[in-house]
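The amino acid sequence is not available; the structure is as follows:
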């Protein structure tokens with residue numbers, strides 16, 4: 001059993017992106033033949049699959065190339081190439097920065113600013129949800145603030161796992177912080 005190597009040329013228009021690289025199913029082929037030939041085979045290539053400006057899903061049968069001219073027997077002669085393209089759109093959103101692990105007594109920490117502006121590309125069908133998702137936020141660890149000597153810390157973005165986001169960028173990339181002592 002060796003993997004099938006997909007030879008593909010797939011493009012999308014600027015408004016679309018592939019959800020994942022094109023793949024084959026099945027993704028491997030069982031072969032038999034002379035040991036001296038099989039020892040040197042580590043994959044089996046497909047014929048070239050080409051789809052230009054793909055805007056939807058496609059599942060197309062492609063043949064396996066026989067460069068060995070029938071010296072090896074294959075269990076299958078082809079595989080299905082699957083490629084999924086969907087429309088994306090640009091979006092911007094402000095998200096809250098949460099300080100993780102801060103004690104509830106004695107010291108209080110304020111971040112400046114306390115929100116990040118996040119720019120990203122999202123599936124068009126998920127745009128509204130990306131703008132409302134409550135689990136879209138950033139964090140800073142309190143321990144990093146305590147050990148910092150620069151007066152600035154870098155936030156970590158926590159985008160929602162259920163959304164298809166791409167090209168995520170945020171600003172600012174570092175935040176100032178201020179410690180306030182509580183008077184008892």
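Looks like it came in fine. None of these values were measured; they are calculated from a predicted model. Numbering: from 1, shown residues only.

From here on, just use CA atoms for contacts and neighbour counts.
Will do.

ok but residue 146 is inside a helix, no?
Yes. Judged by DSSP: H, G, I helix; E, B strand; the rest coil, residue 146 forms part of a helix.

which ones are touching residue 46?
Residue 46 sits next to 4-7, 62-65, 78 when contact means C-alpha atoms under 8 Å, 6 or more residues apart in numbering.

Geometric centre of the chain: which residue is closest?
For the chain, residue 166 is the residue whose C-alpha lies nearest the centre (C-alpha atoms, centre = their mean; 6.8 Å).

which residues touch it?
Taking C-alpha under 8 Å, 6+ apart as the test, what residue 166 contacts is 120-122.

returning to what we had before: between the contacts of residue 46, which is nearest residue 20?
Nearest to residue 20 among the contacts of residue 46, counting by C-alpha to C-alpha, is residue 6 at 13.8 Å.

hang on, the earlier thing: buried ones among the contacts of residue 166?
Using 16 or more other C-alpha atoms under 10 Å as the burial test, those include 120-122 as buried.

Return the subset of those lying in strands.
120-122 (DSSP state E).

between the residues you listed, which is nearest residue 112?
Among those, and counting by C-alpha to C-alpha, the member closest to residue 112 is residue 120, at 22.4 Å.

Name the nearest residue to the closest one, sequence neighbours excluded.
In this structure, residue 120 finds its nearest non-sequential neighbour in residue 168, 4.4 Å apart by C-alpha to C-alpha, 6 or more residues apart in numbering.

buried stuff in whichever helix or strand the one you found is part of?
Residue 168 is part of strand 165-171 when elements are defined by DSSP states H and E. Buried positions in strand 165-171, judged by neighbour count with 16+ other C-alpha under 10 Å: 165-166, 170.

Give me the buried positions along whatever helix or strand comes next after it.
The helix or strand immediately downstream of strand 165-171 is strand 175-181, counting by DSSP H and E. Within strand 175-181, the residues that count as buried by 16+ other C-alpha under 10 Å are 175, 177.

Give me the helices and strands touching strand 175-181, please.
Strand 175-181 sits against strand 107-112, strand 152-153, with contacts defined as 3 or more C-alpha pairs under 8 Å, 6 or more residues apart in numbering; DSSP states H and E.
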